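Engineer: Mind looking at a prediction? Sequence and model below.
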Amino acid sequence: MINEFKNKKEFQEEFKRRIIERYGRSIEQAHITEKYMVLGEMVRDYASVHWNDSKNAIAEKKSKQMYYFSMEFLMGRLLTNNLMNLGIYDLVKEGLADLDLDINELENLESDAGLGNGGLGRLAACFLDSLASLNLPGNGNCIRYEYGLFKQKIVNNEQVEVPDQWLSLGNVWEVRKPKHAVNVKFGGHVDMWMGEDGKAVVNHVPSLVVRAVPYDVPVVGYDTKLTNTLRLWSAEVADDACDAANLNEYVNEVREICRNVYPDDSTEHGKLLRLKQQYFFVAAGLNNIIDAHLRVYGTLDNFAEMNAIQLNDTHPVLCIPEMMRILLDDFRYEWDDAWKIVTETMAYTNHTVLSEALEKWPIQYVQDLLPRIYMIIEEIDRRFKYACSHDLGRSDLMNECCVIKDGQVHMANLAIIGSHSVNGVAALHTKILKEDVMKNFNDLYPGKFNNKTNGITHRRWLLYSNPQLTQLLEKTIGPAFKKHPEKLEDLMKYVDNSEVQKKFMDVKMERKKILAKYIKDTLNIDIDVNSIFDVQAKRLHAYKRQLLNVMNIIHLYFRMKADPNFRIYPRTFIFAAKAAPSYTFAKEVIKLIHCVADKVNNDSDINRYMKVVFIPNYGVSIAEILMNAADVSEQISTAGKEASGTGNMKFMMNGAITLGTMDGANVEIVERVGYENAEIFGLRADDVALIRHENSYDVWKKYNQNGDIQKVVNSLVDSTFSNDPRDFKQIYNELMFKNDEYLLLADFEAYVHAQGNIEQRYRNAEAWARMCLINIAQSGYFSSDRTIHEYARDIWNIKPVTVK
Ligand code: 26V
């Protein structure tokens, strides 16, 4: 068997041979999905050679390793990415072409690994790509969900969720590793007695034991041999874990643990199962890492020197009490020694300031499901309170900051107390954490809080998804930016060059045509490629204000209907967004977008000037053709609410102009490109804070002052867009009877004005292209390589490893 084919010929021979071996059919007879599977396996095996060398190199050098614990990894497809990173894409493409096979056809057979909701999960995936590409030993730890986040279909203008059967063809990238299986215990009770050493001996007698089996996915770096691991845990029945009478019940209980990715709507439903998922993958992952460490060092004393664990939001925070449990109960450490190891190992990233998204568990849930873990959390809480009033001398902050209060376990508090580092994901977000949301903790632990502005992998989001732009950049500034994205700044020398400007516009046109074709093929809507492509693509949330975008569309429509002399520059408003299944407001917004689209797109007076398109089932693969076709990037959240945003960076890197508020990483984008190369509008975060503080906002006042606002708001409930009187009532009520929590009406005029500016600026093609080029040139900072470099240096203290 040839794993590392050196040329086209070797590849072809091996490909043909494997198809016969695996499926007993010739290449002509084999089904296209069989060809896809064999190609995938060949690429995986190619990577496996490096994978093995990497593990050896890390063991030999005793390198410190990092483990990124995340409930979500939105990996998307891996075939193209891996072929490209391995540097064998062209060889394979040509080899297949000689065999009459189109590589694109095979690429499109791969399902997205959609193991996540949105930004937080995609960030984790970008981080893995950067870690490997920077030669840093860093691995992912997650759940092998049987179904990814639901697929979105639109039926009668409404979102319908269908299961995402991403594993239906099998997953070529994973390798099952039963030898590393771990038993995870739930429920039951804890027996305790005094041991001979005078310390408590603890015996947890569980009511449920589940076998956690890992599936490893190689994470291939760009132009390097270092290959890291994404470990996905799957729940299986444990040996002798139940008697035959309860078999069915037991099997169901086990299987349900890894069934679904939880949608981020934070409703009560199924919460206990989510807690089970959290402990399941934390306990399995942690025990595994500890075993591996012990095999090399025989002691856990140096665990924190050799291992770093990053907690992606509070979801994996049970790592903290679980590691305490292992050290105390299994290895009989003293509390203080154990605590030192744990806190030096753990670091926590916060991804949101929305209070409804901050995790809290009812005491009873934790106590019943994880009796020993709960005891440890109680002890952490008790010692924290003691330290607060004694060592830290701040008994005034004790009740605010403690872990257990109001009958709930506060996971963010546990995370902060049990970690040596707490970071936000953009400068503004970190400032809000330090000065407002987590101010008390920042006072208690000066120096613990730090910022790590998010990034995106420029490989997937520029080099691979936009080969046209990559080629232009390479011709203009040479290839150095591929490995050193900060070198994109060399493009600054060419922003006034009219030839480069023109070539950029040609590239953009090509990308717009590709998107237009996708829209035609999937939705049968014709869009004008000469119109401005104005895109808002992200999860549907009230604070992200897709509704504000719709309100401007309605406003422009009314103006054009009322005044035949008023016409806008042709514009295509494109939306893509999933709403959490039980988030009724968000679902109503999706319906509104469709109803507005129906009216506008079918109005022959208007549809030359504007079209509204909703692209269903937004995910990584759609983003790969959507971001790079945009002229305008809509980033219009209420200031202070969007922790960072990462879509904003993908748009920027592909030469779109940010139309946004001063929120999240938009602030840092503007800092780099300058106000004149973005379109910024609306209330600032401190304005919003002041309005809240003074309680001074009155939505009815806004409404009564502005006739345009009145027309738009009234149209929601006067059957302009739907004959069903129930439609859009909730939207109307949220705005008008809940005092417009996200300040849409407050920002409406400024937004309409900013949209007008965009149009004026687009009319000057040279100036527009110049602006886009400046955005691309300044986007290198937002490569996740920069982000990961900072994490590695400031938090993890990990160093590059060379694999020969
Ligand atoms: C919350 C919940 C609540 C319970 C059910 C499952 C679940 C899953 C996810 C979440 C919230 C995740 C927070 C999040 O995705 N934050 C986003 O993180 C991005 C990466 O840092 C950042 O760019 C976005 O601004 C931020 O909204």
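Structural biologist: All right, it came through fine.

Engineer: Grab the nearest non-local neighbour of whatever residue of the chain ends up closest to the ligand.
Structural biologist: Ranked by C-beta to the nearest ligand atom, the top residue of the chain for proximity to the ligand is Gly119, at 2.9 Å. In short, each C-beta sits where N, CA and C put it, glycine included. In space, and not counting its chain neighbours, Gly119 is closest to Thr646: 5.3 Å by C-beta to C-beta, 6 or more residues apart in numbering.

Engineer: that older thread, report pLDDT for the residue of the chain closest to the ligand.
Structural biologist: At Gly119, the pLDDT value in this model is 97.

Engineer: now do Thr267
Structural biologist: So Thr267 comes in at 66 (pLDDT).

Engineer: distance of the residue nearest to Gly119 from Asn203?
Structural biologist: 46 Å (C-beta to C-beta, to the nearest Å).

Engineer: So for the two, which sits in the more crowded spot?
Structural biologist: Using other C-beta atoms under 10 Å as the criterion, Thr646 and Asn203 rank with Thr646 on top: 24 against 11.

Engineer: Pretty sure that one sits against Gly121.
Structural biologist: No. Using C-beta atoms under 8 Å, Thr646 is not in contact with Gly121; the gap is 10.6 Å.

Engineer: circling back to that earlier point, what is the burial count for the residue of the chain closest to the ligand?
Structural biologist: Gly119 has 23 neighbouring residues, counting by other C-beta under 10 Å.

Engineer: thought it was touching Met649?
Structural biologist: No. Taking contacts as C-beta under 8 Å, Gly119 lies outside contact range of Met649: 10.6 Å.

Engineer: Pull up the overlap in contacts between the two.
Structural biologist: Shared contacts of Gly119 and Met649, defined by C-beta atoms under 8 Å, 6 or more residues apart in numbering, comprise Asn454.

Engineer: for the protein, which spans come out with low pLDDT?
Structural biologist: 243-244, 266-269 (pLDDT under 70).

Engineer: Write out the residues of it neighbouring the ligand.
Structural biologist: Contact residues, the chain versus the ligand (C-beta under 6 Å from any ligand atom): 117-120, 123, 262, 264, 266, 313, 351-352, 357, 425, 454, 642-646, 664.

Engineer: From Ile380, how far out is Tyr374?
Structural biologist: 11 Å.

Engineer: same question, Gly170
Structural biologist: 43 Å.

Engineer: higher neighbour count, those two?
Structural biologist: Ile380 (23 against 11).

Engineer: Now do the buried residues in the strand or helix carrying that one.
Structural biologist: Using DSSP states H and E, Ile380 maps to helix 371-389. Neighbour counts over helix 371-389 (16 or more other C-beta atoms under 10 Å) mark 371-378, 380-381, 384-385, 388 as buried.

Engineer: what packs against the longest strand belonging to the chain?
Structural biologist: In the chain, with assignment by DSSP state E, the single longest strand is strand 208-220. For strand 208-220, the packing partners by 3 or more C-beta pairs under 8 Å, 6 or more residues apart in numbering; DSSP states H and E come out as helix 32-61, helix 79-86, helix 119-133, strand 175-176, strand 182-186, strand 227-237, helix 247-257, helix 271-297.

Engineer: mind listing what's buried in it?
Structural biologist: For strand 208-220, using 16+ other C-beta under 10 Å, the buried residues are 208-220.

Engineer: next one: stretch 740-749
Structural biologist: Judged by neighbour count (16+ other C-beta under 10 Å), stretch 740-749 contains these buried residues: Asp740, Tyr742, Leu743, Leu744, Leu745, Ala746, Asp747, Phe748, Glu749.

Engineer: Between the two ends of it, what distance do you get?
Structural biologist: Stretch 740-749 has an end-to-end distance of 15 Å (criterion: C-alpha to C-alpha, to the nearest Å).
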